[in-house]
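**Student:** A structural model of the following input is requested.
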Amino acid sequence: MTGHNGVTQRKVLVTGTAEFIGLHLFTYVDDLVRGSRMLVESAPERPASGDEIEKSHSLSPVASYRVVNTGNCEKVGLLDFIHAIKNVLGKKAIRNYVPTQLVNLPATWAYADLLKKLTCYRPQTEYRDGIAYFVERHCEYYNV
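**Tutor:** Numbers count the residues shown, from 1 in each chain. Reported below is the predicted structural model:
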């Protein structure tokens with residue numbers, strides 16, 4: 001069924017129950033790109049020995065790379081996320097609740113402290129704003 005602004009309306013598949021829907025982290029793609037670009041500019045140098053690496057640091061003892069979480073640390077309820085999409089589209093969300101699957105996590109976390117330490121940057125786009133930007137770009141790209 002085609003709805004508002006030519007956007008096809010489908011049921012939203014929600015795993016869990018109406019009483020318990022997990023908390024998750026949603027990071028706007030521009031924040032991920034910005035953080036990744038800043039990390040490229042601060043590439044690590046390979047240490048002379050693994051003993052020179054701080055225990056809390058993710059720098060590899062044998063190569064010049066490290067693992068850095070670039071995610072947003074703001075926890076958002078899945079139903080709040082769906083509600084924000086509904087508001088941007090101006091449509092009612094038709095929810096289809098299904099049992100929680102084994103692969104679903106009740107919550108996710110991101111610790112972006114290393115990103116902040118290395119680049120002085122932390123993802124900043126509030127999830128509602130990110131949804132609005134994404135929907136605007138999607139509708140513009142697909143002419144809907």
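**Student:** So, low pLDDT: which residues of the chain?
**Tutor:** Applying pLDDT under 70 to the chain flags the ranges 1-8, 17-21, 55-56, 63.
**Student:** A strand includes Leu13, no?
**Tutor:** Yes: counting by DSSP: H, G, I helix; E, B strand; the rest coil, Leu13 is located in a strand.
**Student:** Spell out which residues sit in contact with the closest residue to it other than its chain neighbours, please.
**Tutor:** Using CB to CB, 6 or more residues apart in numbering and skipping residues adjacent in sequence, the residue nearest Leu13 is Asn96, 5.4 Å away. In this view, the C-beta of every residue, glycine as well, is placed from N, C-alpha and C. Listed by CB atoms under 8 Å, 6 or more residues apart in numbering, the contact set of Asn96 reads 11-14.
**Student:** Helices of this protein, start to end?
**Tutor:** 29-40, 78-89, 113-119, 127-141 (DSSP state H).
**Student:** Who are the packing partners of the first one?
**Tutor:** Counting contacts by 3 or more CB pairs under 8 Å, 6 or more residues apart in numbering; DSSP states H and E, the secondary-structure elements packed against helix 29-40 are helix 113-119, helix 127-141.
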